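Okay, here's the prediction I keep looking at, along with the sequence it came from:
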Amino acid sequence: MKISQEKQKKLAYVARRYYLENQRQSDIARELGVSRPMVSRMLAEARELGVVEITVHDPETRIATLLERLRLSTSIRGGVLVEDGADEDATNQLLSQGAVELLRQLDTRRLGVGWGYLIGQLVTWLEKHPQPDSTVTDICPLVGNANIPARNYQSNENVRLMAQQLGAAPHFLYLPALPEGVEEKQLLCSTEVYRQIHQQWEQLDTALVNIGNYPSSPDFASLVRYGSLLQQYRACGRMLVYYFNEEGTVIQSDQDFAIQVPLDTLRQCPRIIGVCSANTGAKALLGALRSGVFTHLVARSELVRSLLDPQ
């Protein structure tokens with residue numbers, strides 16, 4: 001329906017006062033010298049004629065669209081994306097909750113767990129929100145214990161606490177994440193302790209793996225293990241104690257003595273969930289996605305959006 005320019009201006013004025021300036025209909029009616037029902041009819045007419053367009057931004061619809069776009073362009077088959085919380089701690093709690101919910105959605109039974117800040121936050125969330133009806137039956141670490149006091153990197157303790165809150169059986173790795181060198185690693189990896197944990201890794205149906213930034217803190221003896229390779233190949237991110245670049249290449253070194261699930265063994269796991277903390281950067285996530293390692297993702301929706309729709 002064609003309307004005069006004068007009427008269009010009047011409808012636009014009423015709509016602006018109501019929708020943008022938050023004026024009450026009764027106040028607008030008083031200002032124009034008309035009745036409140038007349039203002040209501042003018043607002044309805046403004047919508048009908050296209051003077052006003054109302055868009056509802058449904059977070060669930062937006063997230064479903066982002067996940068679908070990831071499915072079409074990466075190895076990701078599904079996941080949980082969360083909106084930002086009030087601060088980083090609140091966001092990490094939402095990410096932790098999302099990771100636990102994803103484990104339930106995937107009907108996870110045998111779970112391998114990495115380490116890092118978000119894994120520590122996830123353990124804290126579980127301690128406050130136990131899941132006695134969880135589907136998880138067995139849980140084991142994907143990397144040895146770090147010789148630093150930070151709880152986020154105490155693999156066996158995190159596995160013990162998670163198993164307790166999920167009602168699962170824990171399996172421990174009584175080896176250091178970073179032994180003295182390549183020779184000691186070879187010796188430790190020939191033990192029965194390692195053979196048993198490797199058997200657990202081969203039986204996993206789901207792995208929960210941190211995606212972090214590079215450089216990282218702590219740096220896990222990266223200079224000794226890699227020399228100049230991380231700079232040469234432009235490392236941008238870390239998963240477990242592996243480093244990768246923006247092209248998705250996992251950087252290999254003959255001098256890498258870290259004790260963790262072998263990459264080939266990890267890739268055989270049917271479901272590998274990449275978990276990003278609130279401060280995981282876009283380059284780290286991009287490299288992780290390009291590596292093709294991950295099948296599922298837990299991350300901030302805004303982080304994913306920044307990759308799919310770069311400014």
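Happy to help now that I have it. Numbering: from 1, shown residues only.

switch to C-alpha atoms for all contacts and neighbour counts from now on
OK.

immediately after the lengthiest strand in the chain, which helix or strand?
The longest strand of the chain (DSSP state E) is strand 206-213. Reading on from strand 206-213 to the C-terminus, the next helix or strand found by DSSP states H and E is helix 222-226.

Show me which residues of that next one are buried.
Across helix 222-226, burial judged by 16 or more other CA atoms under 10 Å covers 222, 225-226.

okay, that helix in CSV with CA atoms only?
Extracted in CSV, the C-alpha atoms of helix 222-226 (Å, rounded to 0.1, in the frame of the first residue of the first chain):
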residue,chain,number,x,y,z
SER,A,222,59.1,-25.7,24.9
LEU,A,223,62.6,-24.3,24.1
VAL,A,224,64.3,-27.6,25.3
ARG,A,225,61.8,-29.8,23.5
TYR,A,226,61.5,-27.8,20.2
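
Give me the residues contacting it.
Applying CA atoms under 8 Å, 6 or more residues apart in numbering, the external contacts of helix 222-226 come out as 252-253, 255-257.

related to what we said a few turns ago, among the buried residues of helix 222-226, which one lies nearest to Arg47?
In terms of CA to CA, no member of the buried residues of helix 222-226 lies closer to Arg47 than Ser222, at 60.7 Å.

Next, work out how far apart that closest one and Leu187 are.
Using CA to CA, to the nearest Å, Ser222 is found at 21 Å from Leu187.

Could you tell me the phi and psi values at Gly248?
phi 90, psi 10 (degrees, to the nearest 10).

An error on my part: the question was meant for Pro176.
Main-chain torsions, Pro176, degrees, to the nearest 10: phi -70, psi 150.

okay but it is in contact with Leu142, surely?
No. Using CA atoms under 8 Å, Pro176 is not in contact with Leu142, being 11.8 Å away.

What distance do you get for the residue of the chain positioned farthest from its centre to Tyr13?
Using CA atoms, centre = their mean, the residue of the chain lying farthest from its centre is Gly33. It sits 55.1 Å away. Distance from Gly33 to Tyr13, counting by CA to CA: 14 Å.

try Val224
68 Å.

any low-confidence regions in the stretch 51-200 of the chain?
For the stretch 51-200 of the chain, applying pLDDT under 70 flags the ranges 54-60.

The same query, at a cut-off of 80, please.
The stretch 51-200 of the chain contains residues with pLDDT under 80 at 52-61, 149.

residue ranges for the strands of it, please.
Along the stretch 51-200 of the chain, counting by DSSP state E, counting those that start in this stretch, strands occupy 78-82, 110-113, 138-141, 169-170.

Looking at the ones you listed, which is nearest to Ser4?
Judging these by CA to CA, what sits closest to Ser4 is strand 78-82, at 46.0 Å.

looking at the strands of the stretch 51-200 of the chain, which is buried most?
strand 138-141 (a mean of 26; mean count of other CA atoms under 10 Å).

Off-centre distance for that strand?
Counting by CA atoms, centre = their mean, to the nearest Å, strand 138-141 is centred 20 Å from the centre of its parent chain.

contacting residues around the longest helix along the chain?
Looking across the chain with DSSP state H, the single longest helix is helix 88-105. Contacting residues not belonging to helix 88-105 are listed as 79-85, 118-119, 121-122, 125, 134-135, 275-279, 298-300 [CA under 8 Å, 6+ apart].
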